[in-house]
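In: Test case, fold it:
(one chain, ligands or ions: 1)
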Amino acid sequence: MLQKTSHYMRQANLIGGEWVQADSGATINVTNPATTLLIGTVPKSGQSETRRAIEAAEAAFHGWKKTSAFERSKLLRKLHDSIMDNQDALAELLTMEQGKSLAEAKGEVGLSAAYVLWFAEEARRTYGDVVPSPWVDRRILVTKEPVGVVAAVTPWNFPSAMLSRKIAPALAAGCTAVIKPASQTPYSGLAWGALCEEAGFPKGVVNIVTGSAAEIGDELCSNPLVRKLTFTGSTEVGKILMAKCAGTVKKVSMELGGNAPFIVFDDADLDRAVEGAMIAKYRNSGQTCVCANRFFVQAGIYAAFVEKLAVASEKLKVGPGLEAGTQQGPLIDENAVKKVEQFVRDATSKGAKVVSGGKRHPLGGTFFQPTVIAAATPDMMFMKEEIFGPVAPVFKFDTEEEAVRLANETEFGLAAYFYSSNLGRAVRVMEGLKYGMVAVNEGLMTTVEAPFGGVKESGLGREGGHQGIEDYLDTKYVCLGGLGI
Ligand code: ADP
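Out: Residues are numbered from 1 along each chain as shown. Next up, the predicted model:
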């Protein structure tokens, strides 16, 4: 292992500026999904460690909230530079624990740094208002203040970037944080502790605990010192956390599951649509919440689309993420593979046809073949559920109304994609899709400048854009009276 990588690979929790083990000494094993070999261990912390982390964050908040926006911005810029200076080491660590190709891991680390820089800039622009007063002797001020201690719970699919768009706006706003990374990929989360220390953030501003999700989650949700919970993960767990946060009426931001439609109309540029489909489907081996889950292709272009997508899918180089040239790594674990197999079995039993892939990859372990499935129908599992794997089911449709109706027939509403060269149709469909994000003639749209987030059961709140810092701020109305004017 590279020396730099090991420097950022922390096998301890960060509480109040100290790197510590769990009170019980218990640990969790972390394995490399490409080899199934043990990488190392991290503390299995629980309620008491989490409570101490919250108290440390609360103690640090009193000083941190008084720093100037300019000062916080400077520290965030240092953090950005430190991430970029160590991009290779951080990417290697990410690939080791998560499985994605090194190229994608580098991209993710770059995106993390970009969020930090964006919020370093936004820190200085959290304007309030001075409102015209109906009273001559009073003034109306509306100010913005940091909410306080923020709890952040993140998933394993983007263990660095998902944290970045929570930590960066929280710190920019003047909040302190207690972070719980996913147990499968804790090292990219713990690395943020080392990076924040190096950048010079005061002790206790950033705290990180790993361990029992339920125990840590319960304390984060019930402790009154925590004023906001920001979560990225499944809708199922998101609902549990929202319900638990109700007890202390915390602000919540939820980036939950998706069931993205990818619609291709007869008038689309076919090659461009296939190129976009490859990115929207196979990025991170299909394990992103904005991955295309259901392809709806108009009858006139259906056969050609399926064929081209199958050809392109077969060309994808599957392998260990650290190996040069790899485009698709393994799935996160055996359960993920079993789930994908279940989707394929369900579809074929209902009349679908596997056009390419469809099975575990000859590499073994949790590698799975990029898969294209034709003749998909709405009674199949992937109409309702998130696949989270490299399987592309292609449905056929006839009319625009039918496509929009099918696309919206889900409780999710995160990302949607469609391809058309007809401007009127583009506007109609864009307005008809009940989604938080819509990409027209593009297969990848995430960028720090734009608000990422969903509607319906895909979540609440937005990450990125100027909206991304709002959730970390409280609004205060001040009525300034008795002015004697
Ligand atoms: P995924 O399917 O992507 O793993 P999860 O929603 O299961 O999504 O997990 C996302 C994050 O939520 C992880 O950090 C996980 O450990 C955490 N988590 C899972 N269950 C709970 C829970 N009951 N309380 C708090 N956090 C939880």
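
In: Which residue ranges of the stretch 51-200 of the chain form strands?
Out: In the stretch 51-200 of the chain, the segments counted as strands under DSSP state E, counting those that start in this stretch are 129-131, 139-146, 149-153, 176-180.

In: what comes up buried for the third one?
Out: Pointing back at strand 149-153 there. Across strand 149-153, burial judged by 16 or more other C-beta atoms under 10 Å covers 149-153. For glycine as for every other residue, the C-beta is placed from the backbone atoms N, C-alpha and C.

In: is the ligand contacted by that strand?
Out: Yes - using C-beta under 6 Å from any ligand atom, we find that strand 149-153 touches the ligand at residue 153.

In: what is the orientation angle of that strand with strand 176-180?
Out: 20 degrees (axes from the mean of the first three to the mean of the last three C-alpha atoms, to 10 degrees).

In: Ok, the second one next?
Out: In terms of direction (the same axes, to 10 degrees), strand 139-146 departs from strand 176-180 by 40 degrees.

In: show me where the stretch 301-450 of the chain has helices.
Out: 334-349, 400-408, 423-432 (DSSP state H, counting those that start in this stretch).

In: The last one: how far from the chain's middle?
Out: So the one you mean is helix 423-432. With C-alpha atoms, centre = their mean, to the nearest Å as the basis, helix 423-432 stands 27 Å off its chain's centre.

In: before we move on, what about the first one?
Out: Relative to the mean C-alpha coordinate of its chain, helix 334-349 is positioned 24 Å out (C-alpha atoms, centre = their mean).

In: buried set for it?
Out: Within helix 334-349, the residues that count as buried by 16+ other C-beta under 10 Å are 336-337, 339-341, 343-344, 347.

In: could these be laid out in TSV, adding distance to the ligand and pLDDT?
Out: What follows is these, written out as TSV (distance: C-beta to the nearest ligand atom, whole Å; pLDDT from 0 to 100):
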residue	distance to the ligand	pLDDT
336	9	97
337	14	98
339	10	98
340	13	98
341	17	98
343	15	98
344	19	98
347	21	98
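
In: Now tabulate the strands of the stretch 51-200 of the chain in JSON lines and tack on mean pLDDT.
Out: Below are the strands of the stretch 51-200 of the chain laid out as JSON lines (pLDDT from 0 to 100):
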{"stretch": "strand 129-131", "mean pLDDT": "98"}
{"stretch": "strand 139-146", "mean pLDDT": "98"}
{"stretch": "strand 149-153", "mean pLDDT": "98"}
{"stretch": "strand 176-180", "mean pLDDT": "99"}
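
In: Compare these and report which one is nearest to residue 38.
Out: Residue 38 lies closest to strand 176-180 among those, at 21.7 Å (C-beta to C-beta).

In: So whatever residue of the chain ends up closest to the ligand: helix, strand or coil?
Out: Going by C-beta to the nearest ligand atom, the ligand is nearest to residue 217 of the chain, at 2.2 Å. Taking DSSP: H, G, I helix; E, B strand; the rest coil as the rule, one finds residue 217 in the helix state.

In: per-residue pLDDT, it?
Out: In this model, residue 217 is scored at 98, pLDDT.

In: So which bits of stretch 470-479 are buried?
Out: 470-473.

In: Near the ligand, which residues of the stretch 101-250 of the chain are found?
Out: 153-156, 180, 182-183, 213-214, 217, 233-234, 237, 240-241.

In: These in helices, which ones?
Out: Counting by DSSP state H, these place 213-214, 217, 237, 240-241 in helices.

In: What subset of the residues you listed is buried?
Out: 217, 237, 240-241.

In: and stretch 456-474, which residues are buried?
Out: In stretch 456-474, counting by 16+ other C-beta under 10 Å, buried: 456-465, 467-473.
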